[in-house]
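Fold the following, please.
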Amino acid sequence: MRNYRNIVIVFLCIFFSACEAEWVMDLEVNEDESGKYSISILLDQEAQIYAIETGQTEIGGLQSIIESLPDGYGSSVYEKDNMFGIMVRNSFNSIDEFDEQLDVLLNNENTSLLLLPIQEIKIEIVDGDYLVSGNFSTLFNFEESKIDPLAAEQLYSGTLSVKLPGRITKPDLEEINDNTIIFAHSGLLEQTFEVESTTSNINIVRILIFSILAVAIYFFGRQVINNK
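Just a heads-up that it's a prediction; the model follows:
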């Protein structure tokens, strides 16, 4: 359950202090259903100054997220370019464990901010086919806040990167680096994301290789016996 009152306060602070925020989530799923992920929230120098002037640390209210993290999570103060913030990370041994970890984050009013840009995310694995899909949240209510959409684009940017095993089949791109697909989140509209991969062809190749090796070892063994 998300605490929207606190979320609104956080974003009002960003708006009225003319600051910028960046959200980054990296998710990697392995062939055995295990995986790892990290989530970063970064604030620009203006936000850091604003936090210090209001009696907080450089990372402002993000400190409460670190203090509220459940057991098993790692965290660090994170710097990227001229932005400063936090990174939290964890690993999982199964899809069920991944879902449970996200539920725990969402059930705390502070750690739920980590997943604010994500409305839904799910991992599915069926017969060697892997699927990560979901929806991004709409962060800006233009009717109530009266924020100019062009101004909102300067206040927030988000990215979600997904790395899957096997061969990426969706989206159909000519060039894919490190089996990773990156989605940009503007926060302005409802957006969906979907990545699919398959290990089926790879498993067939492995079986063929093992079969050839087994036959070669068999005939080599017979040859050795016949030569004795």
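
All the strands of the chain, residue numbers only.
For the chain, strands defined by DSSP state E occupy the ranges 21-29, 35-43, 74-80, 83-92, 118-126, 129-136, 156-163, 167-170, 180-185, 191-198.

a markdown table please, covering those and showing mean pLDDT, mean neighbour count and distance to Glu100.
To be clear about C-beta, it is placed using only N, CA and C from the backbone, and glycine gets the same treatment. A markdown table is the format used below for the strands of the chain (pLDDT from 0 to 100; neighbours: other Cβ atoms under 10 Å; distance: least, Cβ to Cβ, whole Å):
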| stretch | mean pLDDT | mean neighbour count | distance to Glu100 |
| --- | --- | --- | --- |
| strand 21-29 | 94 | 20 | 15 |
| strand 35-43 | 94 | 22 | 13 |
| strand 74-80 | 88 | 14 | 17 |
| strand 83-92 | 93 | 19 | 8 |
| strand 118-126 | 94 | 15 | 12 |
| strand 129-136 | 96 | 18 | 17 |
| strand 156-163 | 93 | 20 | 20 |
| strand 167-170 | 93 | 16 | 27 |
| strand 180-185 | 94 | 17 | 24 |
| strand 191-198 | 94 | 19 | 22 |
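
Can I get the ones you listed in CSV including distance to Leu62?
Shown next, in CSV, are the strands of the chain (distance: least, Cβ to Cβ, whole Å):
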stretch, distance to Leu62
strand 21-29, 10
strand 35-43, 6
strand 74-80, 9
strand 83-92, 5
strand 118-126, 17
strand 129-136, 21
strand 156-163, 15
strand 167-170, 33
strand 180-185, 18
strand 191-198, 24
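
Which of those sits closest to Phe98?
strand 83-92 (4.2 Å; Cβ to Cβ).

got the CA positions of that closest one in CSV?
Taking Å, rounded to 0.1, in the frame of the first residue of the first chain, the C-alpha atoms of strand 83-92 are listed here in CSV:
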residue,chain,number,x,y,z
MET,A,83,23.5,14.2,-9.1
PHE,A,84,23.5,12.7,-5.7
GLY,A,85,21.3,10.1,-4.0
ILE,A,86,20.8,6.5,-2.9
MET,A,87,21.1,3.1,-4.4
VAL,A,88,19.5,0.0,-2.9
ARG,A,89,20.0,-3.5,-4.1
ASN,A,90,19.0,-7.1,-3.5
SER,A,91,18.9,-10.6,-5.0
PHE,A,92,16.4,-13.3,-5.3
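
okay, the angle between that strand and strand 21-29?
20 degrees (axes from the mean of the first three to the mean of the last three Cα atoms, to 10 degrees).

what angle sits between strand 83-92 and strand 35-43?
Using the same axes, to 10 degrees: strand 83-92 against strand 35-43 is 160 degrees.

helices or strands up against strand 83-92?
strand 35-43, helix 45-53, helix 62-68, strand 74-80, helix 95-106 (3 or more Cβ pairs under 8 Å, 6 or more residues apart in numbering; DSSP states H and E).
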